[in-house]
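Undergrad: below are the sequence and a predicted model; questions follow.
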Amino acid sequence: MTTLYKVNGSVAVITLSNPPVNGLGHASRLSLAGHLEQANADALVKSIIITGAGKAFSGGADIKEFGTDKAMAEPNLHSVIRMLENSGKPVVAAIHSVCMGGGLELALGCNYRIASPGVSVALPEVKLGLLPGAGGTQRLPRVIGVEAALNMIVSGEPVKSEMLVQLPGQKLFDKLSASADSLLEEALAFAQSIADTRPLPLVRNLPCKHKNGDAYFQFTRNMVKGMAKNYPAPLKCVDAVQAATQKKFEDGLLFEREIFINLMWTPESRALRHIFMAERAASKIPDVPADTPLRDIKLLAVIGAGTMGGGIAMNFLNAGIPVKMLEMKQEALDRGIATIRKNYESQVKKGKLKQDKYEARMAMLSTTLSYDDLSDADMVIEAVFEEIGVKEKVFSELDRVMKPGAILASNTSTLDMNRIAAFTKRPQDVIGTHFFSPANIMKLLEVVRGEKTAKDVLATVMALGKKIRKTSVVSGVCDGFIGNRMIEQYGRQGGFLLDEGCTPAQVDKAIEKFGFAMGPFRMGDLAGNDIGWAIRKRRYTEKPDMKYSKTADLLCEKGRYGQKTGAGWYDYVAGKRDAIVNQEVVAMIEENRRNLGITARQISDEEIVQRLVYSLINEAAHILEEGIASKASDIDMVYLMGYGFPIYRGGPMLYADQVGLFNVVQSMKRFALNPLDDAKFWQPAPLLARLVAEGKTFN
């Protein structure tokens with residue numbers, strides 16, 4: 001049973017029991033409805049308590065049922081709440097720990113509510129592109145006031161029970177228990193004390209007004225519009241709460257329901273729900289059981305005190321894991337430590353980090369100039385120069401000094417992890433941990449699984465990723481792994497667009513309007529154009545038939561490496577990141593075009609976006625086909641968390657599904673006819689062609 005039933009004297013106690021957060025799935029709703037009927041039919045029962053087992057009252061909808069028929073099957077949450085309101089006996093919600101979404105809506109349907117201190121209360125549906133769908137927008141304003149309710153509904157952020165009881169005139173909680181441990185005991189006493197109270201109070205019968213309604217809601221709309229321009233749900237939340245102040249309760253419920261159903265079908269909500277599920281799915285690896293024993297990581301070593309090494313170290317210090325940092329020269333160590341200090345001091349100045357925590361983190365950081373001092377570390381991450389010969393020297397030394405069972409990780413972004421593992425006598429302990437720059441801020445961690453990487457090593461690193469608050473995605477071994485392998489095709493298309501008539505600013509503006517954080521040329525300047533140049537030089541030898549525009553090489557020959565040199569595709573002023581168009585770069589592109597005998601043509605924003613985004617999609621289909629990524633949603637997470645793909649579009653694979661794979665392939669066939677593009681690349685990947693033929697999608 002997903003709810004438990006017990007009679008305590010004259011009080012029936014119904015306990016939601018659906019771990020981990022007592023989600024209100026169909027089985028729970030059915031069981032709860034049955035126990036409500038049982039309590040009302042028992043002459044000995046005078047009042048009813050609903051509470052939750054374990055670590056939550058209820059976290060709301062059961063995510064496992066998202067998008068299935070069970071989510072709306074009767075009794076749906078509306079029907080259960082109606083049963084509560086029609087109960088002949090008073091119902092008390094005894095709330096602890098977590099009360100969110102449908103869980104809060106359920107509690108609002110009860111006659112009384114008693115909460116323990118420290119309960120996190122929220123209606124977070126807006127974070128999934130929705131609004132509360134079981135009366136939350138109509139009932140919450142009646143118990144905590146219109147403005148406080150709208151703030152909670154539009155933000156989706158949790159508020160503690162102690163804060164809510166301080167609101168003037170609040171009727172959400174009738175009582176706050178002395179502690180979580182005494183909640184049930186106090187709830188039983190309270191339920192007995194109100195057993196004979198009639199008429200029973202109902203939230204739906206409370207008034208809901210705002211004295212300056214029209215002006216307040218217009219002001220709120222203007223604020224929300226500016227902050228959530230790509231998301232329809234926040235504005236719809238305002239509409240629904242305003243309806244609570246203007247309509248009869250039942251009409252308000254119908255209005256909320258209509259908006260909820262419409263939002264369910266928006267691409268933005270589908271994207272946000274997809275991301276919610278994809279983030280959880282990324283940690284599940286098909287052939288690695290969830291109960292795989294983990295290796296204990298009590299001390300981490302980092303090789304290299306540069307930008308990446310320092311950023312990587314900060315992640316572990318922030319999580320309370322001591323770090324030992326190695327460099328070859330004391331000056332390099334001093335520089336690295338100074339940068340870490342500067343980053344932390346900046347957080348202290350902004351009030352984001354307390355002085356004592358800063359000092360505690362720095363106290364966990366030690367340094368060395370000798371590999372021999374790393375022998376006690378449980379794991380090491382190298383962040384040295386991206387060249388296979390350099391990696392060989394490092395891993396040979398690590399193989400010599402690291403204790404048996406230590407994990408040896410490389411922060412390589414493109415190199416062959418199997419070759420790196422072969423530099424050691426323990427390839428089973430070697431794994432790739434590709435952090436994204438700046439490593440202490442970016443959420444993505446690409447975990448690269450070598451062909452000999454042990455399952456417990458993979459499970460340990462995935463768990464560690466969670467501990468340092470990264471979204472970890474597993475990739476197989478190939479040149480560039482998931483993210484950089486795809487971005488190379490995106491960059492190649494950017495170069496071809498320059499050859500055919502675009503400027504860097506035109507390309508960047510088009511893709512940024514689509515929703516990317518920055519276009520390919522601004523991104524190149526940020527990362528360093530010399531990095532791409534080094535990869536292309538390698539390509540010219542390894543893959544001589546691979547076609548590139550020469551403009552990026554011409555740029556690098558001028559020493560324009562990007563923001564670090566103050567000049568790249570754009571010019572930069574010291575201390576600022578604003579990209580300023582440089583006419584010499586535009587002239588260089590035009591001269592290269594003339595040398596190639598190409599007449600510039602007008603290229604639409606639509607073509608720019610399609611060529612850039614569809615190049616990602618086609619390469620991703622190859623990656624899936626080859627098993628480099630185990631599922632399409634993992635690729636979406638890489639691009640959302642590491643490459644600035646617009647969140648509200650759900651990642652390249654979900655975007656392809658929403659556009660329609662048939663339409664994507666039709667556009668690719670057009671691009672293949674362009675003699676200045678790469679016709680071979682635009683042949684649909686076998687997986688993509690197969691999905692189109694079968695009328696299926698990636699996700």
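TA: That came through, no problem. Predicted model, so just to flag it, every value in this text is computed and none were measured.

Undergrad: alpha carbons only for contacts and neighbour counts from here, please
TA: OK.

Undergrad: output the contacting helices and strands for the strand or helix carrying L640.
TA: Of the helices and strands defined by DSSP states H and E, L640 is found in helix 632-642. If you count contacts as 3 or more CA pairs under 8 Å, 6 or more residues apart in numbering; DSSP states H and E, helix 632-642 packs onto helix 267-281, strand 444-448, strand 471-475, helix 483-500, helix 652-659.

Undergrad: could you dump the ones you listed to CSV with mean neighbour count and distance to G559?
TA: Formatted as CSV, the helices and strands packed on helix 632-642 follow (neighbours: other CA atoms under 10 Å; distance: least, CA to CA, whole Å):
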stretch, mean neighbour count, distance to G559
helix 267-281, 19, 40
strand 444-448, 26, 30
strand 471-475, 26, 34
helix 483-500, 21, 18
helix 652-659, 21, 33
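
Undergrad: could I get those as a markdown table with distance to K543?
TA: Formatted as a markdown table, the helices and strands packed on helix 632-642 follow (distance: least, CA to CA, whole Å):
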| stretch | distance to K543 |
| --- | --- |
| helix 267-281 | 34 |
| strand 444-448 | 23 |
| strand 471-475 | 22 |
| helix 483-500 | 13 |
| helix 652-659 | 26 |
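
Undergrad: can you redo the ones you listed as TSV with mean pLDDT?
TA: Shown next, in TSV, are these (pLDDT from 0 to 100):
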stretch	mean pLDDT
helix 267-281	94
strand 444-448	97
strand 471-475	97
helix 483-500	97
helix 652-659	98
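
Undergrad: which among these is found nearest to N595?
TA: Shortest distance between N595 and the helices and strands packed on helix 632-642, using CA to CA, is found for helix 483-500: 10.4 Å.

Undergrad: just the buried residues of the helix or strand that the closest one is followed by, please?
TA: Remark: after helix 483-500, the chain's next helix or strand is helix 504-514, criterion DSSP H and E. Buried residues in helix 504-514, counting neighbours by 16 or more other CA atoms under 10 Å, are found at P504, A505, Q506, V507, D508, K509, A510, I511, E512, F514.

Undergrad: for the fifth one, which non-adjacent residue is closest in space?
TA: The spatial neighbour of D508 that comes closest, neighbours along the chain excluded (CA to CA, 6 or more residues apart in numbering), is G519 at 4.0 Å.

Undergrad: does the one you found touch V507 like I think?
TA: Yes. The criterion here is CA atoms under 8 Å, and G519 meets it with V507 at 6.9 Å.

Undergrad: please, which helix or strand holds V92?
TA: Per DSSP H and E: V92 is located in strand 91-95.

Undergrad: let me know the average pLDDT across the following helix or strand past that strand.
TA: Per DSSP H and E, the first helix or strand lying C-terminal to strand 91-95 is strand 98-100. In this model, strand 98-100 carries a mean pLDDT of 98.

Undergrad: on that earlier part again, so which of the buried residues of helix 504-514 is the closest to E147?
TA: Out of those, the member with the shortest distance to E147 (by CA to CA) is F514, at 33.6 Å.

Undergrad: based on its surroundings, how many neighbours for the residue nearest to D508?
TA: Residues near G519, counting by other CA atoms under 10 Å, number 24.

Undergrad: on the pLDDT front, check it for me.
TA: So G519 comes in at 96 (pLDDT).

Undergrad: can you pull the contacts of it?
TA: V507, D508, K509, I511, E512 (CA atoms under 8 Å, 6 or more residues apart in numbering).

Undergrad: go with 10 Å
TA: By CA atoms under 10 Å, 6 or more residues apart in numbering, the contact list for G519 reads 491, 494, 504-513, 612, 644.

Undergrad: ok, the residues you listed vs N230, which is closest?
TA: For these, the nearest to N230 is K513 (11.0 Å; CA to CA).

Undergrad: correct me, but the closest one touches F645?
TA: No. K513 is not in contact with F645 according to CA atoms under 10 Å; the separation is 11.6 Å.

Undergrad: give the burial count for the closest residue to Q489 other than its chain neighbours, as a bare number.
TA: Spatially, and ignoring its direct neighbours in sequence, Q489 is nearest to S615 (5.9 Å; CA to CA, 6+ apart). Neighbour count for S615, taken as other CA under 10 Å: 23.

Undergrad: do the same with D378
TA: Other residues close to D378 by other CA under 10 Å number 20.

Undergrad: all strands of the stretch 451-600 of the chain, in order?
TA: Remark: strands assigned in the stretch 451-600 of the chain by DSSP state E, counting those that start in this stretch are 471-475, 570-571, 580-581.
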